[in-house]
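Visitor: Structure here, sequence nowhere to be found:
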C-alpha cells in the first residue's frame, strides 16, 4: 500500500482508528473523514509518526460534503486510489419492527447505506477514468443473517450489500474492485456502551451474559476485534486481492456463513 492515497470515512471512532493505523503501517497516505475532527486530530498525530494524514470534516450523508472531501484529498495528495467506508451507526437496538419509528429507520438507512453511496459516487468517476480503484464498504453480518431487535440496522447493511454488488458489476470493466467486509460483533467502546446495554435490557440479562451468548454462537467462540476487521479491509484494498470483487467477507469467527 506504499504511497497509495486512501480515504477512510468514520476514521476517528469505533473501528476507524484501527483500520486507519493498519493502512498507515503499510505506507499509505491517509485522508481521515468524520464529523468529530477532535478525534481525527488525535489519530492524525499518531499516524504522522509512521506515514502522513489529512483531516477533513465531513458528514457522509451530505452529497456536497462528500464531493468536497474528495476534492480536498486530491488537492492535498493526488488522485484517490482507495476508499474505505467505515462510517456508520447502530440504529434502534432491541426494538421490534413495529416498535421502530419511521425516523429511526430513515436515519440509519441514510447513514449506513446513503453514506457509502454518496462517497462511492464521489470517488468513482476518477477511479473509472484512471482505470484503477479499490472500494471497501464495512457492512455487518446482520446484513447477511436476520437478527431480532436489529431490524433497521439489518436492513441498512443488507441494502449495502446490494449497493456493493451492483457497483462491482458496473465498475469491474474499469479495473475497480468493490467489496464488503462484514464484521460480526466487534468488541470496543460502541459495542460496550451502545449495543450491549440495549440488548441486555431487552433480554433481561446482564451485559456479560449477552456477550457470552454471542461468543457461543461463533465457531471460534470469540468476539472479533477492530484489528481483525482492519486486516480484512487491508487485504481487499491491496493488489493481492486483484481478482476479488463483489464479495461479502464475514469477519465473525464463523457465524453468518456456517
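Guide: Here it is on my side, so go on. Worth saying up front: this structure is predicted, and the values here are computed from it rather than measured.
Visitor: all helices of the stretch 151-258 of the chain, in order?
Guide: For the stretch 151-258 of the chain, the helices defined by DSSP state H, counting those that start in this stretch occupy 151-171, 189-190, 196-203, 207-217, 226-237.
Visitor: hey, which of those helices is tucked in deepest?
Guide: The highest mean neighbour count among the helices of the stretch 151-258 of the chain, using mean count of other Cβ atoms under 10 Å, belongs to helix 226-237: a mean of 22. C-beta coordinates here come from the backbone N, C-alpha and C atoms, glycine included.
Visitor: Give me the residues contacting that helix.
Guide: Applying Cβ atoms under 8 Å, 6 or more residues apart in numbering, the contact partners of helix 226-237 are 1, 4, 6, 14-15, 17-19, 21-23, 26, 82, 84, 134, 136, 138, 177, 179, 181, 183, 186-188, 241, 244, 249, 251.
Visitor: can you put the helices of the stretch 151-258 of the chain in TSV and add distance to residue 114 and mean pLDDT?
Guide: TSV is the format used below for the helices of the stretch 151-258 of the chain (distance: least, Cβ to Cβ, whole Å; pLDDT from 0 to 100):
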stretch	distance to residue 114	mean pLDDT
helix 151-171	9	97
helix 189-190	20	76
helix 196-203	23	79
helix 207-217	28	86
helix 226-237	20	98
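Visitor: Out of these, which is closest to residue 105?
Guide: helix 151-171 (4.7 Å; Cβ to Cβ).
Visitor: Name the residues that touch the one helix or strand in the chain whose mean pLDDT sits lowest?
Guide: Every helix and strand of the chain was ranked by mean pLDDT, DSSP states H and E. The lowest is helix 189-190, at a mean of 76. For helix 189-190, contacts defined as Cβ under 8 Å, 6+ apart pick out 13-14, 90.
Visitor: quick one, domains of the chain?
Guide: 5-184+229-244, 187-223 (automatic domain parsing).
Visitor: most neighbours per residue, which of those?
Guide: domain 5-184+229-244 (a mean of 20).
Visitor: now that one, how far from the centre of its chain.
Guide: 4 Å (Cα atoms, centre = their mean, to the nearest Å).
Visitor: ok, the residue lying closest to residue 86 once chain neighbours are set aside - contacts?
Guide: Once flanking residues are discounted, residue 86 sits nearest to residue 10: 4.0 Å by Cβ to Cβ, 6 or more residues apart in numbering. Neighbouring residues of residue 10 by Cβ under 8 Å, 6+ apart: 16, 33-34, 60, 85-88.
Visitor: Quick check: pLDDT value at residue 93.
Guide: For residue 93, the model assigns a pLDDT of 86.
Visitor: A helix includes residue 8, no?
Guide: No - applying DSSP: H, G, I helix; E, B strand; the rest coil, one finds residue 8 to be strand, outside a helix.
Visitor: Which residue comes closest to it once chain neighbours are left out?
Guide: In space, and not counting its chain neighbours, residue 8 is closest to residue 84: 4.7 Å by Cβ to Cβ, 6+ apart.
Visitor: so how far is residue 217 from the one you found?
Guide: 27 Å (Cβ to Cβ, to the nearest Å).
Visitor: Residue 201 too?
Guide: Distance of residue 201 to residue 217, computed by Cβ to Cβ: 20 Å.
Visitor: Let me see the ranges of the strands in the stretch 51-200 of the chain.
Guide: Counting by DSSP state E, counting those that start in this stretch, the stretch 51-200 of the chain has strands at residues 52-57, 82-85, 133-138, 176-183.
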